[in-house]
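Chemist: Task: produce atomic coordinates for the following.
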Amino acid sequence: MQDVHDPTETTMPTSDEKLLFSKHVGRTFKEVYEQDSEFCQWVMMTVQMDQEVTPEMTRFATWVSEMEVQIAETGMMELDAEIDIL
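Modeler: Below is the predicted model:
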């Protein structure tokens, strides 16, 4: 699992990256997405409105956006080609 990610890197964000900002610092993108939808929506809105956006926020917003597209297209969340079995 990846602990720190260079937010200026041009690769696509992944579910196991950890947030480097906010009350969720140290939690993975996946954890935050599954547990705090209001926070995810706030980040998306903030990035869209370009209000004091950091590279870390943009990277997380990109990942959230990709997850929402996947869910809309497939009806399910496919995290980096991993299959979560409950």
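Chemist: in the chain, which helix has the most residues?
Modeler: helix 55-74 (DSSP state H).
Chemist: May I see the buried residues of that one?
Modeler: 56-61, 63-64, 67 (16 or more other C-beta atoms under 10 Å). C-beta: built from backbone N, CA, C; applies to glycine.
Chemist: how about a markdown table for the residues you listed, with distance to residue 20 and pLDDT added?
Modeler: Listed next are these as a markdown table, based on distance: C-beta to C-beta, whole Å; pLDDT from 0 to 100:
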| residue | distance to residue 20 | pLDDT |
| --- | --- | --- |
| 56 | 5 | 93 |
| 57 | 9 | 94 |
| 58 | 12 | 94 |
| 59 | 9 | 95 |
| 60 | 9 | 96 |
| 61 | 13 | 96 |
| 63 | 13 | 95 |
| 64 | 15 | 96 |
| 67 | 19 | 92 |
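Chemist: would you list those in CSV and tack on distance to residue 24?
Modeler: Listed next are the buried residues of helix 55-74 as CSV, based on distance: C-beta to C-beta, whole Å:
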residue, distance to residue 24
56, 11
57, 12
58, 16
59, 14
60, 9
61, 13
63, 13
64, 12
67, 15
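Chemist: for the worst-scoring helix or strand of the chain on mean pLDDT, the distance to its chain's centre please.
Modeler: The helix or strand of the chain with the poorest confidence is helix 55-74; it has a mean of 92 (mean pLDDT, DSSP states H and E). Relative to its parent chain, helix 55-74 has a centroid offset of 6 Å by C-alpha atoms, centre = their mean, to the nearest Å.
Chemist: Same question for stretch 12-30.
Modeler: 7 Å.
Chemist: Now it: average pLDDT?
Modeler: Stretch 12-30 shows an average pLDDT of 94 in the prediction.
Chemist: Skipping adjacent residues, who's closest to residue 27 in space?
Modeler: residue 19 (5.7 Å; C-beta to C-beta, 6 or more residues apart in numbering).
Chemist: Identify the residues contacting the one you found.
Modeler: 25-29, 32, 56, 60 (C-beta atoms under 8 Å, 6 or more residues apart in numbering).
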